[in-house]
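S.K.: Sequence and predicted model, in that order:
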Amino acid sequence: DPAQWQLQGFVPPDGEVGPGGRSFNLGESEITMSANIDPMFAGQLTFALTPENEAEVEEAYVRTRALPNGFNARAGRFLSSVGYLNAHHAHTWDFVDAPLAYQAFFGGQYKTDGVQAKWLAPTDTFIELGAEVGKGAGFPGNERDKNGAGAAALFAHAGNDIGASGSWRAGLSYLRTGSAGREYEDNGLAVAFDGRSNVMIADAIYKWAPNGNATRQNFKLQGEYFRRKESGTLATGADSDAYASSQSGWYLQGVYQYVPNWRAGLRYDRLGSGTPSIGLVDSGLYTGADLPLLAPYRPARASVMLDYSPSEFSRLRLQFARDQTRPGVTDNQLYLQYIMSLGAHAAHAF
């Protein structure tokens, strides 16, 4: 039952998390418009049409086209460049759903309203440094009535070729944001968190194709490690006390195109909730049974997929997952997905 799904040991995240509904579902559809504005600026607008028949602004930003010395910037609403997968739209993912780490720590993907600056080093090795400041309304932050920046991020990426057949990219990222009254429900209690969230991410990806010809055979190995520390207060009703947690998560996946148009992939997800310090429980005012969602646990999931792409514009995918995100239960999840791209669109990121 998807309504019973939860990430045991973690505060329930906002956003698109969990296995989704049973039976047929439209999923998310995106409409993107982009164009050069003038010699200095370009713009992009992406609408997301949700299964609930709502239209949301996924991204809406302007970016510079050619600042000197390898600098560029963008402003508006955009998917953050922290980590590897976060900046990629869902139709480019290798699996139906986001890794558990992205669901637990970002509610799927982290996007912000703000400003981003990047610098590309003038070296043979790909080196990119960047920073972002934004409103910080996206999970693990929330909407706050304040002036100035509510979140900040730093990231560094490096990459290069390995001979004629391989290439790699690795990165480190740091996100600092905050919450004021970030609410959720636990065992019938309305609970709210006020405090700071610090997320650190290490990511790496390796791609291989014989003699650089990826149309016939290719292999991709990808992984990310997350660590989040939160500190502040946890409140329910008129009661509040200190709260602190140190949690981690990672995933590792490999995707192999063994003949043209056909690929197979395997992904393993793991989370560690740690043992949080909950003042409401430590003081004896509440017991662990009153806040069962925060009981320590190590959620895990294994997924295998097979997909067929008649062209670069269409893909059919079959995916099976064994989900162990709550104690004593193993959920077997089967997905059949189609992805179709209508019209011309920009090349996908590395």
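M.R.: Ah, there it is.
S.K.: For residue 187, which non-adjacent residue is spatially closest?
M.R.: residue 292 (5.4 Å; Cβ to Cβ, 6 or more residues apart in numbering). To be clear about C-beta, it is placed using only N, CA and C from the backbone, and glycine gets the same treatment.
S.K.: element containing the residue sitting furthest away from the middle of the chain, please.
M.R.: Centroid-distance maximum for the chain: residue 284 at 36.4 Å, with Cα atoms, centre = their mean. For residue 284, there is no host helix or strand (DSSP states H and E).
S.K.: Pull the distance from the helix or strand hosting residue 172 to the chain's centre.
M.R.: Here residue 172 sits within strand 166-186, counting by DSSP H and E. Mean C-alpha position of strand 166-186 versus that of the full chain (Cα atoms, centre = their mean, to the nearest Å) differs by 8 Å.
S.K.: and it, C-alpha only, in PDB?
M.R.: Extracted C-alpha coordinates of strand 166-186, given in PDB (Å, rounded to 0.1, in the frame of the first residue of the first chain):
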ATOM      1  CA  GLY A 166      36.700   6.400 -21.000                       C
ATOM      2  CA  SER A 167      35.900   9.600 -19.100                       C
ATOM      3  CA  TRP A 168      35.100  10.600 -15.500                       C
ATOM      4  CA  ARG A 169      33.700  13.400 -13.400                       C
ATOM      5  CA  ALA A 170      33.800  13.800  -9.600                       C
ATOM      6  CA  GLY A 171      32.500  16.500  -7.300                       C
ATOM      7  CA  LEU A 172      32.000  17.900  -3.800                       C
ATOM      8  CA  SER A 173      29.100  20.000  -2.700                       C
ATOM      9  CA  TYR A 174      27.900  21.700   0.400                       C
ATOM     10  CA  LEU A 175      24.400  23.100   1.100                       C
ATOM     11  CA  ARG A 176      23.400  25.200   4.100                       C
ATOM     12  CA  THR A 177      19.800  26.000   4.700                       C
ATOM     13  CA  GLY A 178      17.300  26.500   7.500                       C
ATOM     14  CA  SER A 179      13.700  25.800   8.600                       C
ATOM     15  CA  ALA A 180      11.100  27.700  10.700                       C
ATOM     16  CA  GLY A 181       8.100  25.600  11.600                       C
ATOM     17  CA  ARG A 182       8.800  22.800   9.100                       C
ATOM     18  CA  GLU A 183       5.800  20.600   9.900                       C
ATOM     19  CA  TYR A 184       5.100  16.900   9.700                       C
ATOM     20  CA  GLU A 185       2.900  14.400  11.400                       C
ATOM     21  CA  ASP A 186       4.100  11.500  13.500                       C
END
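S.K.: Now the element after that strand, going C-ward?
M.R.: Strand 166-186 is succeeded, C-terminally, by strand 189-208 (DSSP H and E).
S.K.: what's the angle from that following strand to strand 166-186?
M.R.: 170 degrees (axes from the mean of the first three to the mean of the last three Cα atoms, to 10 degrees).
S.K.: okay, strand 189-208 in CSV with CA atoms only?
M.R.: Output of strand 189-208 as CSV, limited to C-alpha atoms (Å, rounded to 0.1, in the frame of the first residue of the first chain):
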residue,chain,number,x,y,z
LEU,A,189,1.1,14.3,16.7
ALA,A,190,1.8,17.5,14.8
VAL,A,191,5.5,18.1,15.0
ALA,A,192,7.6,21.1,13.8
PHE,A,193,11.3,21.6,13.4
ASP,A,194,13.1,24.9,13.7
GLY,A,195,16.8,25.0,13.0
ARG,A,196,19.7,24.5,10.5
SER,A,197,20.4,21.8,7.9
ASN,A,198,23.8,21.2,6.5
VAL,A,199,24.2,18.7,3.6
MET,A,200,27.5,17.5,2.2
ILE,A,201,27.6,15.4,-1.1
ALA,A,202,30.4,13.6,-2.8
ASP,A,203,29.7,12.3,-6.3
ALA,A,204,31.5,10.5,-9.1
ILE,A,205,30.7,9.0,-12.5
TYR,A,206,32.6,7.0,-15.0
LYS,A,207,31.6,6.4,-18.6
TRP,A,208,33.1,3.9,-21.1
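S.K.: what sits against residue 61?
M.R.: For residue 61, the contacting residues are 43, 44, 74, 75, 76, 77, 78, by Cβ atoms under 8 Å, 6 or more residues apart in numbering.
S.K.: and the spatially closest residue to the fourth one that is not a sequence neighbour, helix, strand or coil?
M.R.: What sits nearest to residue 75 in space, not counting adjacent residues and going by Cβ to Cβ, 6+ apart, is residue 115, at 4.7 Å. Here residue 115 is strand, with the state taken from DSSP: H, G, I helix; E, B strand; the rest coil.
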